[in-house]
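Enquirer: for reference, the sequence and a predicted model appear below.
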Amino acid sequence: MKKIIIILFSLLLCFSFSTQASEDEYEDDGFLWQLSLGGFWVDLALPELEGAQSDFDGISLLVDAKIQYKRFYLNTHSGDFFGGSDLGYQLILEDDWGVDAIYGNYQLPFSEEGYYGSEGYVPELSGIKRRKQDQSIGLSYYRTLGDYQAVAELVYDAFGDTNGWVLHLEATRNFELRNWDLWLNFGANYYSANFIDYFYGVDADEATSRRPVYELGDSVSVFTQVQANYPIAEDWVFSAGASIIIGASNTKKSPLVNSRHARAVFAGVKYVF
């Protein structure tokens with residue numbers, strides 16, 4: 001019952017952005033879509049887990065998708081590597097502002113086998129419980145402020161195990177420079193103590209002589225992302241970008257991690273349908 005009350009309370013309070021229909025393909029039945037698919041070189045550095053691989057690079061398939069049916073939508077962006085809302089429903093849609101109900105993930109999962117479970121046994125992480133990805137829902141408020149699209153999201157991990165919430169703030173600007181289409185995004189996250197402690201805290205049953213019990217309070221992170229797109233042929237676009245997120249100092253003090261930042265750099269070519 002307590003969880004249900006918190007979910008309902010969050011849905012009344014929290015606030016993200018919707019896609020502009022004029023940018024998408026439109027059909028009379030209310031279905032909107034825009035899709036691009038490409039091969040990219042990606043250099044990804046995640047917060048450094050104790051003893052585990054945290055740097056990854058190679059060729060990856062990345063997708064940009066905007067799919068909307070009436071008020072329901074799915075958004076993905078190739079420059080987003082660190083979570084956020086992708087699914088939503090437009091509750092209120094005005095000329096320069098709106099409110100959506102949203103679902104998303106705001107923290108990366110990991111276990112005693114590292115981030116992706118492909119390393120096998122990591123001695124330094126042996127004995128820790130699996131940190132499952134959050135499954136957060138909430139509300140998003142978005143408004144146009146001059147050349148920027150401002151967003152405030154408040155979400156609660158309703159279907160995950162953290163019993164915590166996240167406040168996500170961001171501003172985005174798109175602009176053109178000659179033939180380049182540029183995308184700039186920056187913002188901050190505020191994590192409740194329960195949410196961030198689930199991932200980076202150490203419980204008594206996980207503690208060892210080299211891994212003491214550790215409890216985080218609430219925490220924050222800041223981030224910025226930039227992406228540039230350049231048309232190289234009909235339906236083909238060169239795309240490159242970078243993202244960085246920096247967490248609070250209490251994250252780095254956790255016995256589980258050796259850094260509090262993550263970054264991503266990518267470049268490649270995509271086909272726009």
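Expert: Yes, it's here.
Enquirer: from residue 127, how far off is the residue of the chain most remote from its centre?
Expert: In terms of distance from the mean C-alpha position of the chain, residue 209 ranks first, at 34.3 Å (Cα atoms, centre = their mean). Residue 209 sits 12 Å away from residue 127, going by Cβ to Cβ, to the nearest Å. In short, each C-beta sits where N, CA and C put it, glycine included.
Enquirer: how many residues are close by residue 159?
Expert: Neighbours of residue 159 under the rule other Cβ atoms under 10 Å: 12.
Enquirer: ugh, typo on my part, it should be residue 39
Expert: By the measure other Cβ under 10 Å, the count of residues near residue 39 is 12.
Enquirer: mind checking which helix or strand it is in?
Expert: Per DSSP states H and E: residue 39 is located in strand 31-45.
Enquirer: output the below-cut-off pLDDT ranges for this structure.
Expert: By pLDDT under 70, the weakly predicted segments of the chain are 1-29, 78-79, 82-85, 118-119.
Enquirer: tell me where it has helices.
Expert: Applying DSSP state H to the chain gives helices spanning 2-13, 193-200, 249-252.
Enquirer: any idea how far residue 211 is from the closest residue to residue 144 other than its chain neighbours?
Expert: Leaving out its chain neighbours, the residue that sits closest to residue 144 by Cβ to Cβ, 6 or more residues apart in numbering is residue 96, at 4.3 Å. Between residue 96 and residue 211 the computed distance is 50 Å (Cβ to Cβ).
Enquirer: higher neighbour count, the two?
Expert: residue 211 (18 against 9).
Enquirer: who are the contact partners of the closest residue to the more buried one other than its chain neighbours?
Expert: Spatial nearest neighbour of residue 211, chain neighbours left out: residue 255 (4.6 Å); criterion: Cβ to Cβ, 6+ apart. For residue 255, the contacting residues are 50, 202, 210-212, 214, by Cβ atoms under 8 Å, 6 or more residues apart in numbering.
Enquirer: hmm, back to that, which strands and helices lie in contact with the strand holding residue 39?
Expert: Identification of packing neighbours for strand 31-45 by 3 or more Cβ pairs under 8 Å, 6 or more residues apart in numbering; DSSP states H and E yields strand 25-26, strand 55-69, strand 236-247, strand 261-272.
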